[in-house]
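1. here is my input, please return the structure:
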Amino acid sequence: MCPLRIFFALLQLHLLFMLGMSGSSAASASSAKAGGRNCPFRGWGGSKATNAVTTAAFLAPATLPRNIAAPRAPPSGAGTAVLDEGGFRTSSGLFVAPSTGSNVESSMRKRRVGAALKPLYAATVAPPISTGVVAAAAEKEEKAEGKKKRKATSMTPLEVHVIGLSHHNAAVDVREKLSIPEAQWNDAANKLCESNVIAEACTLSTCNRFEIYFAAHDSYAAFHEATAFLERHSGLPQKVLRKNLFLLSGEDAIWHLMRVSGGLDSLVVGEGQILSQVKQCYNHGMEEDGKGGKVVSRMLNSAVAAGKRVRSETGISKGAVSISSAAVEFSQLRCPQDLGKTFEESKVAIIGAGKMSRLLMIHMASQGMKSVTLMNRGRERAETLAAEFPEMEVDIRLMDELWPVMHSHDVVYTSTSAQGCLLTKDNIQDAGLAPGKVIVDISVPRNVETEVADIEGMYSYNVDHLKEVVDRNTATRKKQMLEAEDLLVEEMEKFRSWQFSLGAVPALMKLQEKAETMRMEELKKASKKLNNLSDKELQTVERLTKGIVNKLLHGPMSHLRATEDLEKNLVALKTLKAVFEL
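-> As a prediction, this is how the structure comes out:
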């Protein structure tokens, strides 16, 4: 039997017991069912007997108050009195509520329904709510909530931040786990912005640093999102990341980027390669799938302009200005100690034919090197690189000749994009290399395993070992560094002033909102006195009050939009917020 029928049957038995109804009452209810065409429960049962029982369950004793209209005459042979709005009274004096109606009589009928029947009565008279209406209401509420959030966000300026690590505070084995190929920089930025906590982001990943420049309204939430992304990407726990990462916000983040682009934060002070890498970071952020946005892209572009000024107006880029050139100078220092002969007397091989290898060959040529062996997976790219150095004798080899080349050369540079180590302790020992080799790895991720340095007679170095050359070059460039910092300060103030002009917008919006609220309040107070005015006169009053407000706000707003002096504007903004209580 249907559970609903069982429920109604049990309810009917309970009510019959509570109301002390006799069998004749049930019979009267059956006749009421037969004559009551408007009964809301008509047709539910499978038989007449069932319908009679079901209808009787929804009957309640009622004594019509005097103010209720007299019932209409019942249909012939029905034994009922039909009331207004479709309700009717049975011959036994019981009242069956109508299925529709919301006037006073309906309300009084509802009150006459027994307490036990009120939930059931409400369920039958309540109009059905379609799922489409519910969905539309939910969607409308969601849109209103989103609009409210966007408005609150628009009142909070975007602040710039940077999170990352570099050769200053992180070892190469940590840097290589966070390293991202340039082709995937935008993918990383998109993942960072997925949660909408971070509004704009750009990624910079080089052999010496991994940094993410981003802008957000909520700094705390943004840093949490960024560190969570780095943890997922690198597989390193937060405990390890915290020891190696640096976090900078606002002016500190801008100053850091300016120094990076100017070459002051590089392992080799004044190197030119980092400037091109920052420019690539900007270019990727401006691509269709980039997330540079308005603020971060402007900051990167300002940093590129600052880096160009530093290199054109100071002598900071003279001498060894790249990792590759520093590696050559480092080899010149180490060869007499490690091999017992000069660098020029040694046989040199380069594994890889990319940008770093090209810089290596440029610096070797400037030092007077006459010959070098160049190894690569493909011959075509190696031949193209060798053609750029007609004054040098370049012996091109493929990677299947790796071990013969390792046996016959004294100094080997590795600079490939391979994700794993090409030279390990095990394969070097298996190859039976003779002692007396200098291996300089300038790749990130590394191409040479750290344990190679444990083999007797193998002198293995990576980018972290180049500090000896770096320190020597830095000492001779301190004066140029001071001059460069003065130029960077100028460029930073230009960007900061532009950024301030954006930050003043929320304050201006709040000021306008407050002025408009005050204007409307005053008009409302005077509304009774303005009742006698015509529509045209009321429009004149409206224009007059708006004009007064706009003219009063014009001065402060124009002053805040000025970007000539950042400090004065900051003071003006602070004063404005205090005066108008914004």
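2. for the residue nearest to the spatial centre of the chain, which non-adjacent residue is spatially closest?
-> In the chain, the C-alpha nearest the mean C-alpha coordinate belongs to residue 193, at 2.6 Å (C-alpha atoms, centre = their mean). Spatial nearest neighbour of residue 193, chain neighbours left out: residue 291 (5.0 Å); criterion: C-beta to C-beta, 6 or more residues apart in numbering. Where you see a C-beta, it was placed from the backbone N, CA and C, and this is true even at glycine.
3. gap between that neighbour and residue 231?
-> Note on residue 291: its distance to residue 231, by C-beta to C-beta, to the nearest Å, is 20 Å.
4. higher neighbour count, these two?
-> residue 291 (26 against 14; other C-beta atoms under 10 Å).
5. quick one, what contacts that one?
-> 186, 189-190, 192-193, 200-202, 285 (C-beta atoms under 8 Å, 6 or more residues apart in numbering).
6. filter these down to the ones in helices?
-> Members of the contacts of residue 291 lying in helices (criterion: DSSP state H): 186, 189-190, 192, 285.
7. which ChimeraX command selects the buried ones in those residues?
-> Buried members of the ones in helices among the contacts of residue 291, defined by 16 or more other C-beta atoms under 10 Å, are picked up in ChimeraX with:
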select :186,189,192,285
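8. tell me which of the ones in helices among the contacts of residue 291 is nearest to residue 403?
-> Nearest to residue 403, judged by C-beta to C-beta, of those is residue 186 at 38.9 Å.
9. the closest one contacts residue 284, doesn't it?
-> Yes: when contacts are counted by C-beta atoms under 8 Å, residue 186 is listed as touching residue 284 (5.5 Å).
10. returning to that earlier point: turn the ones in helices among the contacts of residue 291 into CSV, including pLDDT.
-> Shown next, in CSV, are these (pLDDT from 0 to 100):
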residue, pLDDT
186, 94
189, 95
190, 94
192, 94
285, 94
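11. quick one on the thing from earlier: which ones are touching the residue nearest to the centre of the chain?
-> 199-201, 291.
12. mind listing what the closest residue to residue 484 other than its chain neighbours touches?
-> Leaving aside its sequence neighbours, residue 484 sits nearest to residue 310 (C-beta to C-beta, 6+ apart; 4.4 Å). Counting by C-beta under 8 Å, 6+ apart, residue 310 touches 262-264, 316, 484, 487-488.
13. counting neighbours, which bits of the helix or strand where residue 310 lies end up buried?
-> Assigned by DSSP states H and E, residue 310 belongs to helix 293-313. Neighbour counts over helix 293-313 (16+ other C-beta under 10 Å) mark 293, 295-304, 306-307, 309-311 as buried.
14. just checking, residue 235 touches residue 177?
-> Yes: using C-beta under 8 Å, residue 235 makes contact with residue 177 at a distance of 6.7 Å.
15. of the two, who's got more company?
-> A count of neighbours by other C-beta under 10 Å puts residue 177 above the other of residue 235 and residue 177, at 18 against 9.
16. quickly note the distance from the more buried one to residue 579.
-> For residue 177 relative to residue 579 (C-beta to C-beta), the value is 53 Å.
17. ditto for residue 549
-> Separation of residue 549 from residue 579 (C-beta to C-beta): 16 Å.
18. and for residue 238?
-> In terms of C-beta to C-beta, residue 238 sits 45 Å off from residue 579.
19. do the same with residue 521
-> 19 Å.
20. next one: residue 357
-> Where residue 579 is concerned, residue 357 sits at a distance of 63 Å (C-beta to C-beta).
21. how about residue 312?
-> Relative to residue 579, and taking C-beta to C-beta, residue 312 is found at 45 Å.
22. show me what the biggest helix by length in the chain is packed up against.
-> When the chain is parsed with DSSP H, its longest helix is helix 478-525. Secondary-structure packing of helix 478-525 (3 or more C-beta pairs under 8 Å, 6 or more residues apart in numbering; DSSP states H and E): helix 251-262, helix 293-313, helix 535-561, helix 566-580.
23. mean pLDDT and distance to residue 171 added to these, as TSV?
-> Formatted as TSV, these follow (pLDDT from 0 to 100; distance: least, C-beta to C-beta, whole Å):
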stretch	mean pLDDT	distance to residue 171
helix 251-262	94	19
helix 293-313	93	26
helix 535-561	81	47
helix 566-580	70	38
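24. output the ones you listed as CSV; include the columns distance to residue 277.
-> Listed next are those as CSV, based on distance: least, C-beta to C-beta, whole Å:
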stretch, distance to residue 277
helix 251-262, 9
helix 293-313, 10
helix 535-561, 35
helix 566-580, 29
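25. between those helices, which gets nearest to residue 387?
-> helix 293-313 (27.9 Å).
26. angle of the closest one against helix 251-262?
-> 50 degrees (axes from the mean of the first three to the mean of the last three C-alpha atoms, to 10 degrees).
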